[in-house]
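Chemist: return atomic coordinates for the entry below.
(chains A, B and C)
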Amino acid sequence: MTKKFAKEVSIAVAEAVAQCKVDVISAYPITPQTHIVEHLAELVNNGELDAEYIPVESEHAAMSACIGAAATGARTFTSTSAQGLLLMYETLFIASGMRLPIVMALVNRSVSAPISIWNDHSDVMSMRDAGWIHFFAENGQQAVDLIYHAYKVAEKTLLPVAVNIDGFILSHVVEPVTFLDQNLLDKYLPPLKIKYKLDPKNPITIGAIGVPEIYTEAKKAQDEALKASYKIILQAWKDFEKLTGRKYLPVETYQMEDAEVAIVIMGSLAENAMNAVDILRAKGKKVGVVRIRLWRPFPTKDFLKAIGKVKTLCVVDRAVSHGATGGPVGIEVRSALYQSNKRPRVLNLIAGLSGRDVTKEDFVEIFEKTFETLTKKPTTPYEIYGVKE
Amino acid sequence: MPKDQGLISWKELAPGMYILEPGNSKKFKTGDWRAFRPVLDKDKCIKCGMCYILCPDICYQQDQDGFFICNLFYCKGCGICAANCPKKAITMVLEEE
Amino acid sequence: MRPELKNFKGFTLKNLPEYEGFAQGHRACQGCGTVLPLRLALKALGPNTIAVTSTGCMEIVSSPFPYTSWNVPWIHVAFENSATVASGIEAAIKALKRKGKLKSKEKINVVVFAGDGATFDIGLQWLSGALERGHDFVYICLDNEAYMNTGVQRSGATPFGAHTTTSPAGKIIKGQTTWKKNLMGIVIAHNIPYAATANPAFPIDLMNKVKKAALVNGPAFIHVYATCPTGWGTKSEDSLLTAKLAVETRVFPLYEVIDGKYIINRKVDKPKPVEEYLKIQRRFRHLTPEQIAYIQERVNQEYEKLLKLAESFGETQTEQKDE
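Modeler: Take a look at the predicted model:
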């Protein structure tokens, strides 16, 4: 039951999607997402997965077809990256506004220009206000588990869920992965039953015009649903822990109990940051890592709890928010702190753009830089780390 | 202050602002758009149903005697029925008020 | 002949279904010749139908919350992507039926209603993808020859010479400078089983084409000539007169293409001059005699091309008496 397989993470993700017995897959190829959708096509064409596979002509169409299928009561899947996400941008807001439980594997990649196929978070950050639930995976096992969770959560909240997987550095590596036993998964994720859908037996209207007398109320209802998803997510993770022993939290910590200095990060680079903690802890330095697993809805309380009594934080962003007061995560963190009496100093670095390596040695250096802010206030709201002057 | 201008509470909206009652626009009166009303001359009418099938506002319904009668709650007074009646049995008459 | 159409029984004025898929109280303009074919199509399709509508007049007039004019399940997603939303719906029906999660013995019709802007221009790629993939659905383009919903701007479907707000009849440039895009040609090039043109002035013909489109397996496309008194500057009561003249002058011939075989439904042997069609519309009132002559010549040419296609790959029919 708990047999481990060595799998490329993309292949493992595709197999997890197949295990969830999706009805409709609609996808368009883009690097580095391709291995996921290729493998799903193989599973369908080999008769190993009973699903309709729509090989659409663009990513905008990929999401459009998912919207149509989900509105008809089908369990749907798509996957994309960077430019593909931007091309489907319009429909992302419609999927959430229409409360459709679509699941997307977002294999994170830089946004052009300059054109780059490598990994950072500039694609996902462009959709942070689109009303989706966002999970971030750090390794292959999490990527697989989060797919299971995504369907569970999407279908209970009637909200779309994106599982963020770092392109190449996570999606293309071979890792040991355990799949949930199919019988257990079938119990964890029962067949999709949607009350309101496109069905001639009960004709409803989806996508009516939100006149000024109702648009505000519709947005309020959607916003409350996203907020309320928090509890459903926690419950989904608790249920999963009972089945597997694997624990998921909105914000996870590493060596934070007595940390004075911490790095805040999302995605797979957290593993390098944790290695740096080990190096520094061996030298007696009180350092830790705060890893944000749930990006939307942003778990403010969990975050504030997770940072403990740190004196200074370094938020490592993987995207630029041009003209803003920081990177997207940096802005979020500062905003969360403003709602609290805790006011550690915040250093905000933008690092690892377009797949540029941020090694454990780099993280050691980042920690050292952060220690400096204990006595010296950062001079700029954010800086781009490792840029050649 | 834009205070409480909503049609209904957000709590009462179906998820996704779906409308659950099919065809409920029939509660909406469009007859007050009308300047001219169609008047049927039953002596000329052959009950062919041309007015019924060509009405963009779905106003015509057949009565017990087989005549197609225009529902003035909806009739916008476009005059398509009169213009296309093969027997010229419908005339458009100015609404007076 | 396709097996699905072998025992086809058409509608007549005497055996029309009572069913209406579209409800009263919609907000279309007086004399709207676009909502009429929509109504007729839904009447032909019946209640076992799911409809998708692109952004445009028909979406606006039918769904201002809390009202809906739709008696069938309906979805509007965006401007350009209705063909793909329909693809998703069709795929979902297929998958759910196969897995026993959807129990419907009858075929569920999936139909798209989209304007000319949504079809000729912004949605052409989505339409092409859906036609090429072979989804079993009906796409009905309600072509009123401009972006009416946003205030009568020109589209790729706007006819030569027509005044719109973005192809105004100016002192130097007099209206639309390009000929209407040959959408049927593009659609037919996808080798779909059924394509047809239709016109609300011929309601029974239109309903029968919609029915055939629904019966064939695979994609079907209907290009509907849809009049717009507001945008074209005609009297509301002349809405269908304009439509009729479009056929009688050969401006908009009625034909079907079944498995690549052309069938002209109404052969117009003695056409009326196009001027008769143009002169009742304000959008054409600035036309010079030279422009009118050019339109007449081009209309003749296009009709001849169609005749040749029908002679080479099909048949022609003389006028039927079904209305």
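Chemist: how about the residues of the stretch 51-200 of chain C near chain B?
Modeler: Counting by CB under 8 Å from any CB of the partner chain, the residues of the stretch 51-200 of chain C close to chain B are C:Ser62, C:Ser63, C:Phe65, C:Pro66, C:Tyr67, C:Thr68, C:Ser69, C:Trp70, C:Asn71, C:Val72, C:Pro200. To be clear about C-beta, it is placed using only N, CA and C from the backbone, and glycine gets the same treatment.
Chemist: which residue ranges form the helices in the stretch 51-200 of chain A?
Modeler: With helices called from DSSP state H, counting those that start in this stretch, the stretch 51-200 of chain A shows them at A:59-71, A:82-87, A:89-97, A:122-125, A:140-157, A:182-188.
Chemist: quick one on the thing from earlier: determine which two of the residues of the stretch 51-200 of chain C next to chain B are furthest apart.
Modeler: Within those, C:Pro66 and C:Pro200 form the most distant pair, 29.1 Å apart (CB to CB).
Chemist: quick one, which of those two is more surrounded?
Modeler: C:Pro200 (30 against 21; other CB atoms under 10 Å in any protein chain shown).
Chemist: assign the more buried one to helix, strand or coil.
Modeler: coil (DSSP: H, G, I helix; E, B strand; the rest coil).
Chemist: does it touch C:Leu240 like I think?
Modeler: Yes: counting by CB atoms under 8 Å, C:Pro200 does reach C:Leu240; the two are 6.4 Å apart.
Chemist: what do the two both touch?
Modeler: Common neighbours of C:Pro200 and C:Leu240, counting by CB atoms under 8 Å, 6 or more residues apart in numbering or on different chains, are B:Leu54, C:Gly33, C:Thr227.
Chemist: just these: which are in strands?
Modeler: Using DSSP state E, no member of the shared contacts of C:Pro200 and C:Leu240 falls within strands.
Chemist: now do the same contact list for A:Asp123.
Modeler: A:Ser81, A:Ala82, A:Leu85, A:Leu86, A:Leu106, A:Asn108, A:Arg109, A:Ser110, A:Val111.
Chemist: ugh, wrong one, C:Ala195
Modeler: So C:Ala195 contacts C:Met184, C:Val187, C:Ile188, C:Ala220, C:Phe221, C:Ile222, C:His223, C:Glu256, C:Val257 (CB under 8 Å, 6+ apart).
Chemist: the second one: which element?
Modeler: Think C:Val187. Using DSSP states H and E, the element containing C:Val187 is helix C:183-188.
Chemist: list the buried residues in that helix.
Modeler: C:Leu183, C:Met184, C:Ile186, C:Val187, C:Ile188 (16 or more other CB atoms under 10 Å in any protein chain shown).
Chemist: out of the residues you listed, flag the one nearest to chain A.
Modeler: C:Ile186 (14.6 Å; CB to the nearest CB).
Chemist: so that closest one sits right up against C:Thr119, yeah?
Modeler: No: C:Ile186 lies out of contact with C:Thr119 (CB under 8 Å); the separation is 9.9 Å.
Chemist: show me the common contact partners of those two, please.
Modeler: Counting by CB under 8 Å, 6+ apart, nothing touches both C:Ile186 and C:Thr119.
Chemist: chain B against chain A: which residues are in contact?
Modeler: So chain B meets chain A at B:5-11, B:13-20, B:22 (CB under 8 Å from any CB).
Chemist: in strands, which of those appear?
Modeler: Reading strands off these, I find no matches (DSSP E).
Chemist: which one (most neighbours) among the residues you listed?
Modeler: B:Met17 (25 neighbours).
Chemist: number of nearby residues for C:Trp179?
Modeler: C:Trp179 - counted by other CB under 10 Å - has 14 other residues nearby.
Chemist: sorry, wrong one. I was asking about A:Thr379.
Modeler: Every residue meeting other CB under 10 Å relative to A:Thr379 is counted, giving 7.
Chemist: go on, B:Gly23?
Modeler: So B:Gly23, with other CB under 10 Å, has 23 neighbours.
Chemist: which residues does the nearest residue to it once chain neighbours are set aside contact?
Modeler: Spatially, and ignoring its direct neighbours in sequence, B:Gly23 is nearest to C:Ala23 (3.4 Å; CB to CB, 6 or more residues apart in numbering or on different chains). Contacts for C:Ala23 were tallied using CB under 8 Å, 6+ apart; they are B:Pro22, B:Gly23, B:Asn24, B:Ser25, B:Lys26, B:Ile58, C:Thr68, C:Ser69, C:Trp70, C:Asn71.
Chemist: could you dump those residues to CSV with pLDDT?
Modeler: As requested, those are exported to CSV (pLDDT from 0 to 100):
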residue, pLDDT
B:Pro22, 98
B:Gly23, 98
B:Asn24, 98
B:Ser25, 98
B:Lys26, 97
B:Ile58, 98
C:Thr68, 98
C:Ser69, 98
C:Trp70, 98
C:Asn71, 98
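Chemist: out of the residues you listed, which is most surrounded?
Modeler: C:Ser69 (31 neighbours).
Chemist: re earlier: and which of the contacts of A:Asp123 is nearest C:Arg285?
Modeler: Using CB to CB, the contacts of A:Asp123 come closest to C:Arg285 at A:Leu86, 44.9 Å.
Chemist: residues near that closest one, how many?
Modeler: Neighbour number of A:Leu86 under other CB under 10 Å is 19.
Chemist: report the contact partners of it.
Modeler: A:Val111, A:Asp123, A:Ser126.
Chemist: doesn't A:Val111 make contact with the last one?
Modeler: Yes: contact criterion CB under 8 Å: A:Ser126 and A:Val111 qualify, at 6.8 Å.
Chemist: can you name the residue of the stretch 51-200 of chain A nearest to chain B?
Modeler: Nearest residue of the stretch 51-200 of chain A to chain B: A:Arg99, at 3.9 Å (CB to the nearest CB).
Chemist: quick one: that residue and A:Val24, what's the gap?
Modeler: 17 Å (CB to CB, to the nearest Å).
Chemist: for C:Ser69, see how far away the spatially most central residue of chain B is.
Modeler: Centroid-nearest residue in chain B, with CA atoms, centre = their mean: B:Tyr74, separated by 2.6 Å. Here B:Tyr74 is placed at a distance of 11 Å from C:Ser69 (CB to CB).
Chemist: overlap of the contact sets of the two?
Modeler: Taking CB under 8 Å, 6+ apart as the criterion, B:Tyr74 and C:Ser69 both touch C:Gln24, C:Gly25.
Chemist: tell me the mean pLDDT for the biggest helix by length in chain A?
Modeler: Assignment by DSSP state H gives helix A:212-244 as the longest helix of chain A. For helix A:212-244, mean pLDDT is 97.
Chemist: repeat that for stretch A:26-44.
Modeler: Stretch A:26-44 carries an average pLDDT of 98.
Chemist: rewinding a little: closest to C:Glu106 among the buried residues of helix C:183-188?
Modeler: C:Val187 (27.0 Å).
Chemist: what sits against the closest one?
Modeler: Taking CB under 8 Å, 6+ apart, one finds C:Leu127, C:Leu131, C:Ala195, C:Phe221, C:His223 in contact with C:Val187.
Chemist: 10 Å instead, please
Modeler: C:Val187 makes contact with C:119, C:124, C:127-128, C:131, C:139, C:141, C:195, C:219-223, C:257 under the criterion CB atoms under 10 Å, 6 or more residues apart in numbering or on different chains.
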